[in-house]
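>>> How does the following fold in three dimensions:
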Amino acid sequence: MGFDFGTVLVFAVVTVGFALGGIAASRALGPKWPNPEKASIYECGERPVGVAWFNFNPRFYLVALVFLVFEVDIALTFPVVAVFKDWTSKGPGMAWVAFFELLVFTGILVVGLAWAWAHGDLEWVKTLGAPSEEAPARAEPRRAA
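So this is what the prediction gives:
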């Protein structure tokens, strides 16, 4: 058992060493010729149109996060469900442990979803109140040169 783990550990250390060594060699030996063309935005070979800095609706991030949470839930739950029958054949104790682990894991996700729902984070169209007079003026976005 210890030898198997040692092999994996050596493999991981060598892999990380090769990756970091390649990055270090590239930075140390590579040419450094900065110019404005290299610092510009690259859009598939086309010249950029408009400004690169624009307001992006943060609700897209929330929808993506909720999707990722439930995607990870499915990715972690499916293997357990796939071998659940084998665990039940080994005895009822193992099956109950797996069942309660899945129940707690899914319960935590449901509580998180309920929290997001209760705070109105899942509502796509939100009603905004009138802007206060003390609110600072919005800065104009920078224009591309």
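
>>> So which bits of the lowest-mean-pLDDT helix or strand in the chain are buried?
When the helices and strands of the chain are scored by mean pLDDT, DSSP states H and E, helix 36-39 comes last with a mean of 76. Applying a neighbour-count criterion of 16 or more other Cβ atoms under 10 Å, helix 36-39 contains no buried positions. Every residue, glycine included, has its C-beta placed from N, CA and C.

>>> Please export the alpha-carbon coordinates of that helix; CSV is fine.
The C-alpha atoms that make up helix 36-39 are tabulated as CSV, following Å, rounded to 0.1, in the frame of the first residue of the first chain:
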residue,chain,number,x,y,z
PRO,A,36,1.6,48.0,-28.0
GLU,A,37,0.5,45.5,-30.7
LYS,A,38,1.2,42.6,-28.3
ALA,A,39,-0.7,44.3,-25.5
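
>>> Check what contacts it and list those residues.
For helix 36-39, there are no external contacting residues (Cβ atoms under 8 Å, 6 or more residues apart in numbering).

>>> Output the contacting helices and strands for the host helix or strand of Gly107.
Of the helices and strands defined by DSSP states H and E, Gly107 is found in helix 92-118. Under the contact criterion of 3 or more Cβ pairs under 8 Å, 6 or more residues apart in numbering; DSSP states H and E, helix 92-118 touches helix 59-82, helix 84-90.

>>> Check the ones you listed for me: which has the lowest mean pLDDT.
The stretch with the lowest mean pLDDT among those is helix 84-90, which comes in at a mean of 79.

>>> And the contacts of that helix?
94-95, 98.

>>> Now tabulate those residues in a markdown table and tack on neighbour count and pLDDT.
Converted to a markdown table, these look like this (neighbours: other Cβ atoms under 10 Å; pLDDT from 0 to 100):
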| residue | neighbour count | pLDDT |
| --- | --- | --- |
| Met94 | 14 | 79 |
| Ala95 | 16 | 78 |
| Ala98 | 16 | 81 |
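
>>> Tell me how far Ala116 lies from Glu123.
Remark: distance between Ala116 and Glu123 (Cβ to Cβ, to the nearest Å) = 10 Å.

>>> more crowded one of the two?
Ala116 (15 against 10; other Cβ atoms under 10 Å).

>>> So that one sits against Leu62, correct?
Yes: under the criterion of Cβ atoms under 8 Å, Ala116 lies in contact with Leu62, with a separation of 7.4 Å.
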